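[1] here is a sequence together with a model predicted from it:
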Amino acid sequence: MLQLVIPAYNEEARLPRTLRELRRHVLRARAVTGPVEVIVVDNASTDATAAVALAADSAALPVQVVGCPTPGKGAAVRAGMAVTDAEVVGFMDADGATRLDALEEGWRRLATGADVAIGSRAAEGADTAVRHSWLRERGARAYRSCAARIVPGISDTQCGFKLMDGDLGRHVFRLLETTGFAFDVELLALARASGATVAEFPVTWADVPGSTFAPVRHGAGSFADLARIGRRMRQVRIATEAATPQPAFRPVIVPPLAAEG
């Protein structure tokens, strides 16, 4: 079984369409993915996000809703992962910006040996339609440059579609401390430190209006998070004891992120 976490903050307008399309796609892709369940994390929304998510629950695509009072996408995904128990877990964005054939492609990457399969808008073969401002584009380039120092070789840390082994996912999310948009970088760094293989695959991605990310409001915080993640990962020590057969991932000893300010 695959369990998908969808973090949602005030997504009553975009979430119903995403869940309808996901339900239709899951019915077609069941031969590859098997049954799929969705965990929508209501991240302290002030609208009807939880209600529209529950209304989408069906036998074809079971949907449960969990609450997360701590603001931030990283906090929301971590809360969703904490209630998973599936062999394969993952997360996707509430706007449905990534075309859903990423489900099958990500599953294939896991089936052929990867521990983590991440959608990429920068991998060869990706198709993206972007309507970002020049400020956001320049900020994204600078962000990618900084992230590459922490997780070298990964061209797109921020695409909101990732699948992974369930035991690994629950392990690294228990260690995760970044609550904001930079959490993907810490997630991938911790996965690699745990001995996991990360595979990127190209996706078709279209910018969907209504994003809650604001370059001016969130940009500085995301760069500060990257700096803290970099300091934390430089101090990571891999435990020397032999890894147990199940799960097949090394335990990781990591210091906490330094406090802000």
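    Noted; the coordinates are in hand.

[2] rest of the way, CA atoms for contacts and neighbours
    Will do.

[3] what about Ala123, which SS state?
    Here Ala123 is coil, with the state taken from DSSP: H, G, I helix; E, B strand; the rest coil.

[4] for it, which non-adjacent residue is spatially closest?
    Distances taken as Cα to Cα, 6 or more residues apart in numbering place Pro202 nearest to Ala123, at 5.1 Å, with adjacent residues excluded.

[5] so what's that neighbour up against?
    119-127 (Cα atoms under 8 Å, 6 or more residues apart in numbering).

[6] same check on Gly125?
    Counting by Cα under 8 Å, 6+ apart, Gly125 touches 202-203.

[7] before we move on, the earlier item: for the residue nearest to Ala123, name its beta-bridge partners.
    Beta-bridge partners recorded for Pro202 (DSSP bridges): Ser120.

[8] just the buried residues of the helix or strand hosting Val32, please?
    Using DSSP states H and E, Val32 falls within helix 15-33. Neighbour-count burial for helix 15-33 flags 15-16, 18-19, 22-23, 26, 29, 33 (criterion: 16 or more other Cα atoms under 10 Å).

[9] quick check, nearest of the residues you listed to Ala60?
    Taking Cα to Cα as the measure, Arg23 is the one of those closest to Ala60, at 6.6 Å.

[10] so who does the closest residue to that closest one other than its chain neighbours touch?
    Leaving aside its sequence neighbours, Arg23 sits nearest to Leu61 (Cα to Cα, 6+ apart; 5.6 Å). Counting by Cα under 8 Å, 6+ apart, Leu61 touches 23, 26, 36-38.

[11] ok, now Thr204?
    Thr204 touches 98-99, 121, 126-128, counting by Cα under 8 Å, 6+ apart.

[12] again, only using 7 Å
    The neighbourhood of Thr204, defined by Cα atoms under 7 Å, 6 or more residues apart in numbering, consists of 98-99, 126-128.

[13] now do Arg109
    Contacts of Arg109 by Cα under 7 Å, 6+ apart are 117, 199.

[14] before we move on, back to that, tell me which two in the contacts of Leu61 are the farthest apart.
    Farthest-apart pair in the contacts of Leu61 is Val26 and Val38; separation 11.0 Å (Cα to Cα).

[15] could you look up the SS state of Ser222?
    In three-state terms, and counting by three-state DSSP, Ser222 is helix.

[16] does it touch Ala182 like I think?
    Yes: Ser222 is in contact with Ala182 according to Cα atoms under 7 Å; the separation is 5.5 Å.

[17] so how do I select the buried members of the contacts of Pro202 in PyMOL?
    Burial among the contacts of Pro202 is assessed by 16+ other Cα under 10 Å; the matching PyMOL selection reads:
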select buried, resi 119+120+121+122+127
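
[18] quick one: mean pLDDT for stretch 155-162?
    For stretch 155-162, the mean pLDDT works out to 95.

[19] so where is the stretch 151-261 of the chain shaky, pLDDT-wise?
    210-219, 237-261 (pLDDT under 70).

[20] repeat that with 50
    Residues of the stretch 151-261 of the chain that meet the criterion pLDDT under 50 lie in 238-245, 260-261.

[21] mind listing the helices for it?
    166-175, 183-193, 215-234 (DSSP state H, counting those that start in this stretch).

[22] closest one of the contacts of Thr204 to Ala148?
    Nearest to Ala148 among the contacts of Thr204, with distances taken as Cα to Cα, is Ala126, at 19.0 Å.

[23] contact partners of stretch 81-88?
    1-3, 5, 164-166, 170.
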